[in-house]
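Q: With the sequence up front, the predicted model follows.
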Amino acid sequence: MSLDETLRDLLAREDSDGRGLHTLCVDITGGQKPASIAGAIATLDNRVTIQYVQTGGAKQAHTYDLVFYSPVEHAE
């Protein structure tokens, strides 16, 4: 099973348990680029956010709620 499939399966189970996806955040700090991308893609268009903590400097945490807009939808 791929990382993307694993994340989506986990999120589907959490959602079906009634725990509320809005309470989840996938941390993509420290992973390789493919793992970070898979983590981000798994959260598209649902209530799950992603978090990235800066690895240098102030080490601030940044949280993002990703939404995909197609060019057709966005142009209207």
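A: Sure thing, it's come through. Numbering: from 1, shown residues only.
Q: Kindly state the pLDDT recorded for H74?
A: According to the prediction, H74 has pLDDT 61.
Q: Would you map the strands across this structure?
A: In the chain, the segments counted as strands under DSSP state E are 25-27, 49-53, 61-64.
Q: Format the ones you listed as TSV; extra columns: distance to A40 and mean pLDDT.
A: For the C-beta atoms, the positions are set from N, CA and C on the backbone; glycine is no exception. TSV is the format used below for the strands of the chain (distance: least, Cβ to Cβ, whole Å; pLDDT from 0 to 100):
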stretch	distance to A40	mean pLDDT
strand 25-27	8	89
strand 49-53	5	92
strand 61-64	8	93
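Q: which other helices and strands contact the helix ranked longest in the chain?
A: Using DSSP state H, we find that the single longest helix of the chain is helix 3-16. Secondary structure elements in contact with helix 3-16, counted by 3 or more Cβ pairs under 8 Å, 6 or more residues apart in numbering; DSSP states H and E, are helix 33-42.
Q: buried sites along the helix it packs on?
A: Under the neighbour-count criterion of 16 or more other Cβ atoms under 10 Å, helix 33-42 has S36, A38, G39, A40, A42 buried.
Q: what's the answer for stretch 43-55, then?
A: Neighbour counts over stretch 43-55 (16+ other Cβ under 10 Å) mark T43, N46, V48, T49, I50, Y52 as buried.
Q: again with stretch 4-16
A: The neighbour-count check on stretch 4-16 (16+ other Cβ under 10 Å) flags L7, R8, L11 as buried.
Q: Report pLDDT for D4.
A: pLDDT at D4 comes out at 76.
Q: sorry, back to before: of the buried residues of stretch 43-55, which pair is most distant in space?
A: Pairwise distances across the buried residues of stretch 43-55 peak at 18.0 Å for N46 and Y52 (criterion: Cβ to Cβ).
Q: quick revisit: any chance of the strands of the chain in a markdown table, plus distance to D15?
A: Listed next are these as a markdown table, based on distance: least, Cβ to Cβ, whole Å:
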| stretch | distance to D15 |
| --- | --- |
| strand 25-27 | 14 |
| strand 49-53 | 14 |
| strand 61-64 | 19 |
